[in-house]
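In: need a 3D model of the following:
(4 chains)
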Number of protein chains: 2
Amino acid sequence: MPNKKRSTSQDVATTAGVSRTTVSFVLNNVPSVSISDVTRQRVLDAARKLDYHPNVAGRKLVSGKSYTIGLVLCQSPEQVFTDAFLPQVMLGVEQAALQQGFHVLLKPIDPNDAGGYTGLIRENHVDGILISGPRQDDTALINLHEEGVPLMLMGQLPQTQIPFVDVNATAGAEAAVRHLIDLGHQRIGMVTNAPLNYTSAQQRRNGYLQALESAGILVDHSLIRDGNYTPASGFAAMASLLEVSPRITAVFVASDVVAMGAMLAIKRAGLRIPEDIAIVGFDDIPLAEFFDPPLTTVHLPAYGLGWAAGERLIRLIQGEGLHENSLLLESKLITRQSSVA
Amino acid sequence: MPNKKRSTSQDVATTAGVSRTTVSFVLNNVPSVSISDVTRQRVLDAARKLDYHPNVAGRKLVSGKSYTIGLVLCQSPEQVFTDAFLPQVMLGVEQAALQQGFHVLLKPIDPNDAGGYTGLIRENHVDGILISGPRQDDTALINLHEEGVPLMLMGQLPQTQIPFVDVNATAGAEAAVRHLIDLGHQRIGMVTNAPLNYTSAQQRRNGYLQALESAGILVDHSLIRDGNYTPASGFAAMASLLEVSPRITAVFVASDVVAMGAMLAIKRAGLRIPEDIAIVGFDDIPLAEFFDPPLTTVHLPAYGLGWAAGERLIRLIQGEGLHENSLLLESKLITRQSSVA
DNA sequence: ACTGGTAAGTAACACGTGTTAACAGAATCT
DNA sequence: AGATTCTGTTAACACGTGTTACTTACCAGT
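Out: Numbering: from 1, shown residues only, chains lettered A, B, ... in the order given. Just a heads-up that it's a prediction; the model follows:
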């Protein structure tokens, strides 16, 4: 072990024969002071020779910045388990952070102990917080926002002014259902992706409702079932839907994972896809293309969502301000064989 | 905004009418000093009243500990996208960390710029590093280990002494193939989950080979194809396998996601599962139960893997030492209809 | 009454960094 | 020549915390 102890800026200073202040100026490229080229080079050489890395704790203490953002996942563990969407989002966040020299602290919290993340900001662990799947009744969140803490949501909280990035899921769902209507379907069922206290579930259901209304089709609430992120819930919901008479000819399932279970239920009932029941999903998980038959679904820019959220949060932290408070990303219908033969 | 500035331990001290030292003693429950109950209570009241949270930067600076572990993901982005396994692992890590009062810093790195994580430890950002999917040629890793940095691998690096937690994938794969042999199959193909420079791919293939040898079946290397995490690779590999004559009657696919593509290829060829081709997967992703037909596969304790790795790394950081350097978790064969009708 | 010991509390230092204000010396201007 | 600016560098402070060494005050033992 050559250097058991990590070297400090003082070590660099003595090695280079200058003061610690000069070291700091050189290494941080402070523009307001001028350093002669010869000393600058001596400092850089010494730093490289000692393998100097500034201690983040000291830097954080004096600057008040931690160059870290907290990624808070409000989803329930059961949802995290089945959400094929999440890794892509996280990767996007990470890449955006990396580009600005930020780190990402991961913090999954139990949805019913909301506010479990306030410690992160109070202890100065992070400079800002990115919330995935915010809950409506999360008062701690509103408090933080009023205190001026940099916040960014993935998903919306309509009654607040907290900046957010979201996918235009309503439009996506509407396009999905319109697609079914254009194919001639009139009795179209729906399975939600989650209970309706999640805004994402509300948005997708609203798209379904709007598409029907625009087409002048009367909404029949007995054709709507609730899913809960799992394929098992999709299986149960679909089995129940198939008992309604007269039978539906198409179904919109607001999650590919849930749709997987629904498809199995349809097959178990001895029905063909899409001839007897057409089905459209939502999310476009990587597996959707390999369902049997391949699933028509709505593609969400998962990576882009995470990237935009991370980038905007950091801009907020840097005090640069956002041109617009919110950002809606477009989704896109991907037509495959589960809706058209 | 009531208290724009965060309160410090000095604020608590003056409010309680004691010295800052006393505040520190009370709040940290230092056992070696004695504090009268009345002062102790006054400090606690003041802290609560001021909503005091100790600044982690100051604490980290003096103690040298950051109470944070780095979770480094070496997988390629393409793998992260399709890996349904990852969220469960991360959740396990997080829960283990939480229980010990640790935080988790997420750090996906590009596999070919290995060592991109050394900064985390040099800058004192984290106390230890947890590596998911270590690469064989990662010299930076070995350097860190020799420096005495607390490390824990998820997966193994056989030629080193770095402590690790892994799933006994070889045994799992062997059980999967033995299951097929027990059903009477003799010509059994295999599709790997990844290229063979990943140790996880090697382990699973070795299990396949061992099962065949134990049963006295001659290994035919023309029945082995490489996958690369994606269902598309499974589709292609399976299509190619089906052209071999005489046709195989069963296949072991070392990843459920890859198996999904393989199943589609089998169906497209007009063959039935399991009557014409029996198939066994690996991983037991949540969707596997809802494949058509439901997939026989090897269940991996993903959550447990993350939990054990996190718990053991933290124990290492605390200097408690491990009873054994490594830990192998058992996998378990789950029989469903893709192998037996 | 003196010694020794314990309980209760504090002053002072250390951790490693960023930054302000000041200081010599050289160059430029009036 | 004296006054002023600019260049290069540094001493000193601040950030918020944990911890060691030190002071009191009090009580028991001879």
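
In: checking A:Gln88 next. Helix, strand or coil?
Out: Secondary structure for A:Gln88, judged by DSSP: H, G, I helix; E, B strand; the rest coil, is helix.

In: mind pulling up the pLDDT for it?
Out: Per-residue pLDDT puts A:Gln88 at 88.

In: isn't it up against A:Pro301?
Out: No: counting by CB atoms under 8 Å, A:Gln88 does not reach A:Pro301; the two are 9.1 Å apart. To be clear about C-beta, it is placed using only N, CA and C from the backbone, and glycine gets the same treatment.

In: which residues are in contact with A:Ala236?
Out: Going by CB atoms under 8 Å, 6 or more residues apart in numbering or on different chains, A:Ala236 touches A:Gly261, A:Ala265.

In: before we move on, what about A:Ala211?
Out: Neighbouring residues of A:Ala211 by CB under 8 Å, 6+ apart: A:Ala173, A:Glu174, A:Ala175, A:Ala176, A:Val177, A:Arg178, A:Ile181.

In: could you say which helix or strand contains the nearest residue to it once chain neighbours are set aside?
Out: Ranked by CB to CB, 6 or more residues apart in numbering or on different chains and with sequence neighbours excluded, the top spatial neighbour of A:Ala211 is A:Val177, at 3.6 Å. A:Val177 is located in helix A:169-182, with elements delineated by DSSP states H and E.

In: the helix or strand following that helix packs against which elements?
Out: The helix or strand immediately downstream of helix A:169-182 is strand A:188-191, counting by DSSP H and E. Contact here means 3 or more CB pairs under 8 Å, 6 or more residues apart in numbering or on different chains; DSSP states H and E; on that basis strand A:188-191 packs against helix A:169-182, helix A:199-214, strand A:224-225, helix A:231-241, strand A:250-253, helix A:256-268.

In: now for those, which one comes closest to B:Ile35?
Out: Closest approach to B:Ile35 among those (CB to CB): helix A:199-214, 48.5 Å.

In: could you check the angle helix A:169-182 makes with that closest one?
Out: Relative orientation of helix A:199-214 versus helix A:169-182 (axes from the mean of the first three to the mean of the last three CA atoms, to 10 degrees): 40 degrees.

In: related to what we said a few turns ago, most tightly packed of the helices and strands packed on strand A:188-191?
Out: strand A:250-253 (a mean of 29; mean count of other CB atoms under 10 Å in any protein chain shown).

In: that strand near chain B at all?
Out: No: Strand A:250-253 does not reach chain B (CB under 8 Å from any CB of the partner chain); its nearest approach is 12.5 Å.

In: any stretches of the stretch 51-200 of chain A with poor pLDDT?
Out: For the stretch 51-200 of chain A, the stretches flagged by pLDDT under 70 are A:114-115.

In: and it, which of its residues are near DNA strand D?
Out: Residues of the stretch 51-200 of chain A lying near DNA strand D by CB under 7 Å from any atom of the strand: A:Gly58, A:Leu61, A:Val62.

In: among those, who's most crowded?
Out: The most neighbours of any of these, using other CB atoms under 10 Å in any protein chain shown, belong to A:Leu61, which has 19 neighbours.

In: for the spatially closest residue to that residue that is not a sequence neighbour, what are its contacts?
Out: Ranked by CB to CB, 6+ apart and with sequence neighbours excluded, the top spatial neighbour of A:Leu61 is B:Ala57, at 4.2 Å. Going by CB under 8 Å, 6+ apart, B:Ala57 touches A:Ala57, A:Lys60, A:Leu61, A:Ser66, A:Asn124.

In: that older thread, could I get the CA-only coordinates of the helix holding A:Val177 as PDB?
Out: Provided in PDB are the C-alpha atoms of helix A:169-182 (Å, rounded to 0.1, in the frame of the first residue of the first chain):
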ATOM      1  CA  ALA A 169     -50.600   9.700 -21.400                       C
ATOM      2  CA  THR A 170     -54.100  11.000 -21.900                       C
ATOM      3  CA  ALA A 171     -53.500  11.700 -25.500                       C
ATOM      4  CA  GLY A 172     -51.700   8.400 -25.900                       C
ATOM      5  CA  ALA A 173     -54.600   6.500 -24.400                       C
ATOM      6  CA  GLU A 174     -57.000   8.400 -26.500                       C
ATOM      7  CA  ALA A 175     -55.000   7.400 -29.600                       C
ATOM      8  CA  ALA A 176     -55.000   3.800 -28.600                       C
ATOM      9  CA  VAL A 177     -58.800   3.700 -28.200                       C
ATOM     10  CA  ARG A 178     -59.400   5.700 -31.300                       C
ATOM     11  CA  HIS A 179     -57.400   3.100 -33.100                       C
ATOM     12  CA  LEU A 180     -59.800   0.400 -31.900                       C
ATOM     13  CA  ILE A 181     -62.800   2.600 -32.900                       C
ATOM     14  CA  ASP A 182     -61.400   3.100 -36.300                       C
END
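
In: can you show me the helices along chain A?
Out: A:9-16, A:20-28, A:37-50, A:56-63, A:77-82, A:86-99, A:118-122, A:139-146, A:169-182, A:199-214, A:231-241, A:256-268, A:302-317 (DSSP state H).

In: which other helices and strands contact the fifth one?
Out: Pointing back at helix A:77-82 there. helix B:86-99.

In: what angle do helix A:86-99 and the helix it packs on make with each other?
Out: Angle of helix B:86-99 versus helix A:86-99, following the same axes, to 10 degrees, is 70 degrees.

In: does helix B:86-99 reach chain A?
Out: Yes: between helix B:86-99 and chain A, judged by CB under 8 Å from any CB, the touching residues are B:Leu86, B:Pro87, B:Gln88, B:Met90, B:Leu91, B:Glu94.
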